[in-house]
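J.: Please work out how this folds:
(2 chains)
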Amino acid sequence: MKQPNLRKLMVSMVTAATLTAGTSAYAEDPIRIGGIYILSGSASTYGEFAQKGIDLAVSEINESGGILGRDIEMIYEDSQGKASVAIQAARKLVHSEDVDALVGLDSSGVAQGMVPTMPELQKPLIITHAATPDVTGELCNPFTYRISVNVAQNMKAAAKIASETDAKNWTTIGPDYSFGHQSWEYFGDYLKEINPDVNLMSDTNFPRFGAEDFTPFIDRVMDSDADGVLISVWGGDLVNFVRQASNRGFFEKDLELMFTVGAATEVLTALGDRMPEGVHLSTRYWYDAYDNDINKRFVKAYIEEYGNPPSYNAEGAYAAIYAYKQAMEAAGTTDGPAVAKALRGMTMEAPNGTVTFREGDNQAMVSPNWGISGPMHPEHGIRTLTDLQIFDGEEVARSVEETGCKL
Amino acid sequence: MSGIGSALLNSLDIGLLLFIIAVGLNIVFGVLNIINFAHGALYMLGAYLAFTLINLAGMPFWAALVLAPIGVAILAVIIDRLLLRYIYDRDIADSLLLTFSVLLIINESVRLIWGSGIQVVEPPSLLAGSINILGGSVAAYSVFVIVIGLVILAGLWYLFNRTRIGRIMRAASLDRDMAEALCINTRLVVTGVFAFGAWLAALGGVIAAPMRAVDPGMGDKIIIESFIVVVIGGLGSFPGALIGALVLGLIHGFGGRYLPDVNLLLPFVGMALVLLFKPNGIMGRSTSL
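T.: Next comes the predicted model:
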């Protein structure tokens, strides 16, 4: 009984092989772009946001003639938030799916692992979310670009705002991995530079990522001399943190509070009016911050399609697809090294204004959006941001020498 | 309230919630000899059902506290009859694999049904905000968690030591063949125990929902904690679950406050120490249930 099965299997394999060989022979194949995001498990909401942004960009571009006359086809892979899985996914996308370019990455750890493999794959990668400074720093390479704000940019802006407050004793509450620690290091360094008198407290608080109960850390800060707190807790942890903090009366104390990813729409949606008013909130892109036509069109189309305003992750992913359109059209080809070269130093129009990939480190010169939480938005059901601040992208970036990137 | 006082209260709050969840894991292991990887997923289901009943169906929190765990227990009966009953006599590794697959199915189903976003459940107005005890303010909900934890603790002690059902469960855990020979319907016991374990997990989920974000990752977070509790306390042991949960509660409550630089490490140091000196956990397997 076994032999006929084996034969059947071989026949179908041969058929499948001929079919795939057949399709790749067509000249007008779609341009294939691989997306690697967290699509399952706890942080999958971030991958879904990215997919929404990308799908919107792809349908817009395909409806208006595609890239070089060819449609875009997206192929997604789940990184599961793990570097090893993402590296495998990238290899599979490049070698078996014949993608021309890659977008993705939600986690700093994944980015640090995957970026060094990009020169071997000879395809460009645009990072749309992961924020570790390293991938456009020491780990940089000619195939890796980032269109979203990194930790260093966000913290330089945060330090400027912090230096204008009355707070003198600063501490932090952040997740106990590179993101939390790097946020505090960059923030402290920049703040000291502007205002050498501030006291960076040695009593810092780094609860485990996914700690569930933050009360011991909240109590600790409330009992300390701190009058300024940098909070880099994010996602579901931030929702927990805010609710537990308000239960403990944390927001009634006279503290200067800076939430480094507090204006993420998924967090604001979950919290509603439980997010206190009058605290500093940042996000890598705030949908209401930019008054240009591209942003108006993007926000309108996004709300029409999905029912709520776009998160920063959707915007980064959306803009990355347009970056590829411009680069591929400039290069006149989809060849990996040529497209990567076209991205170098490229300037484009995106929802968050004019964006330039700096030649020295391939980091987009973009600004975080800081504001102060205001009244609830009547339609969107989330807090509005008042006193919005958009910084000059060059000004909040590290100098190329500081990044340690040598291209 | 003094720092030590609020750290202690916080430790009890964290520890007793962990106890409710981990004791379910331990009872299932003790009687059925399976390590239920899906226990955290059942906890998450309890929280999501509570979210549905409270936020979408408009029920009061107290109704969800009663109904959601029952709903999850019914699902557990289905899982038991459909899948688990085929592997009770097999090696323990098979149960690990099967319950792990149940975990994956529940996790992704939750994502498909409720989406991947973060949901928030309000505590009942009675338990919102802080109250004053012993001259200091504490979160009212923490007091509620501690009280309900003690009620469950007392209830379980009574069940195992003073009731016929409890004795049957202990008998089945010691020697299932002998129990069967004594005309105990072990099949019913087995299904009942699995459903009871799921009920405890889901009860933990409902209690956690008003204090913790309800998201598709909450089950994975709690299962790791529960395993640490079980390793510290002793696999399959009822008092072990209590001791393990309280130890881990103290580690979180005091560690977060006084040793924040090493708080990530402490639970695992505790676990390693117990494994070195008491390889079967503080209460060992010999004192099962």
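J.: in the strand or helix carrying B:Leu203, what counts as buried?
T.: B:Leu203 belongs to helix B:186-208 when elements are defined using DSSP states H and E. By 16 or more other Cβ atoms under 10 Å in any protein chain shown, the buried positions in helix B:186-208 come out as B:186, B:189-208. Placement of C-beta: from N, CA and C, glycine included.
J.: quick one, the helix or strand immediately after that helix in the chain and helix B:186-208 angle?
T.: Later in the chain than helix B:186-208, the nearest helix or strand by DSSP H and E is helix B:218-233. In terms of direction (axes from the mean of the first three to the mean of the last three Cα atoms, to 10 degrees), helix B:218-233 departs from helix B:186-208 by 110 degrees.
J.: Only alpha carbons, please: show helix B:218-233 as PDB.
T.: Taking Å, rounded to 0.1, in the frame of the first residue of the first chain, the C-alpha atoms of helix B:218-233 are listed here in PDB:
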ATOM      1  CA  MET B 218      -1.700  37.000  29.600                       C
ATOM      2  CA  GLY B 219      -2.000  33.200  29.600                       C
ATOM      3  CA  ASP B 220       1.600  32.700  28.700                       C
ATOM      4  CA  LYS B 221       2.800  35.100  31.300                       C
ATOM      5  CA  ILE B 222       0.900  33.400  34.100                       C
ATOM      6  CA  ILE B 223       1.800  29.800  33.200                       C
ATOM      7  CA  ILE B 224       5.500  30.600  33.700                       C
ATOM      8  CA  GLU B 225       4.800  32.000  37.100                       C
ATOM      9  CA  SER B 226       2.600  29.000  38.000                       C
ATOM     10  CA  PHE B 227       5.300  26.600  37.100                       C
ATOM     11  CA  ILE B 228       7.800  28.500  39.300                       C
ATOM     12  CA  VAL B 229       5.200  28.200  42.100                       C
ATOM     13  CA  VAL B 230       4.900  24.500  41.500                       C
ATOM     14  CA  VAL B 231       8.600  23.900  41.400                       C
ATOM     15  CA  ILE B 232       9.200  25.900  44.600                       C
ATOM     16  CA  GLY B 233       6.300  24.400  46.400                       C
END
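J.: what's it packed up against?
T.: Counting contacts by 3 or more Cβ pairs under 8 Å, 6 or more residues apart in numbering or on different chains; DSSP states H and E, helix B:218-233 packs against helix B:3-32, helix B:39-51, helix B:92-114, helix B:186-208, helix B:238-258, helix B:266-277.
J.: all helices for the stretch 51-200 of chain B, in order.
T.: In the stretch 51-200 of chain B, the helices defined using DSSP state H, counting those that start in this stretch lie at B:61-82, B:92-114, B:140-162, B:164-174, B:176-181, B:186-208.
J.: Out of those, flag the one nearest A:Ser282.
T.: Smallest distance to A:Ser282 across the helices of the stretch 51-200 of chain B (Cβ to Cβ): 27.9 Å, for helix B:92-114.
J.: just the angle between that closest one and helix B:218-233, please?
T.: Going by the same axes, to 10 degrees, helix B:92-114 makes 150 degrees with helix B:218-233.
J.: Go through helix B:92-114 and flag the buried ones.
T.: B:Ser95, B:Leu98, B:Thr99, B:Val102, B:Leu103, B:Ile106, B:Asn107, B:Val110, B:Arg111, B:Trp114.
J.: Spit out the contact partners of the closest residue to the second one other than its chain neighbours.
T.: Counting by Cβ to Cβ, 6 or more residues apart in numbering or on different chains, B:Leu98 lies nearest to B:Ile87, which is 5.6 Å off, once chain neighbours are set aside. Counting by Cβ atoms under 8 Å, 6 or more residues apart in numbering or on different chains, B:Ile87 makes contact with B:Ile34, B:Asp94, B:Ser95, B:Leu98.
J.: Any residue of stretch B:102-116 touching chain A?
T.: Yes: contact of stretch B:102-116 with chain A (Cβ under 8 Å from any Cβ of the partner chain) involves B:Asn107, B:Glu108, B:Arg111, B:Gly115, B:Ser116.
J.: OK, contacts around the closest residue in space to B:Gly244 that isn't next to it in sequence?
T.: In space, and not counting its chain neighbours, B:Gly244 is closest to B:Gly233: 2.6 Å by Cβ to Cβ, 6+ apart. Residues near B:Gly233 by Cβ under 8 Å, 6+ apart: B:22, B:26, B:239-245, B:247, B:281-283.
J.: Local confidence estimate at the residue of the stretch 151-289 of chain B found nearest chain A?
T.: Of all residues in the stretch 151-289 of chain B, B:Gly217 sits closest to chain A, at 1.9 Å by Cβ to the nearest Cβ. Listed pLDDT for B:Gly217 reads 86.
J.: was I right about B:Gly240 contacting B:Met283?
T.: Yes: in this structure B:Gly240 lies within contact range of B:Met283 using Cβ atoms under 8 Å: 3.3 Å.
J.: Those two: which is more packed in?
T.: Ranked by neighbour count (other Cβ atoms under 10 Å in any protein chain shown), B:Gly240 and B:Met283 place B:Gly240 first, with 29 against 23.
J.: ok, now which ones touch the more buried one?
T.: Taking Cβ under 8 Å, 6+ apart, one finds B:Asn26, B:Val230, B:Gly233, B:Gly234, B:Gly281, B:Ile282, B:Met283, B:Gly284, B:Thr287 in contact with B:Gly240.
J.: Got a PyMOL select line for the buried ones in these?
T.: Entered in PyMOL, the line below selects the buried ones among the contacts of B:Gly240, by 16+ other Cβ under 10 Å:
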select buried, chain B and resi 26+230+233+234+281+282+283+284
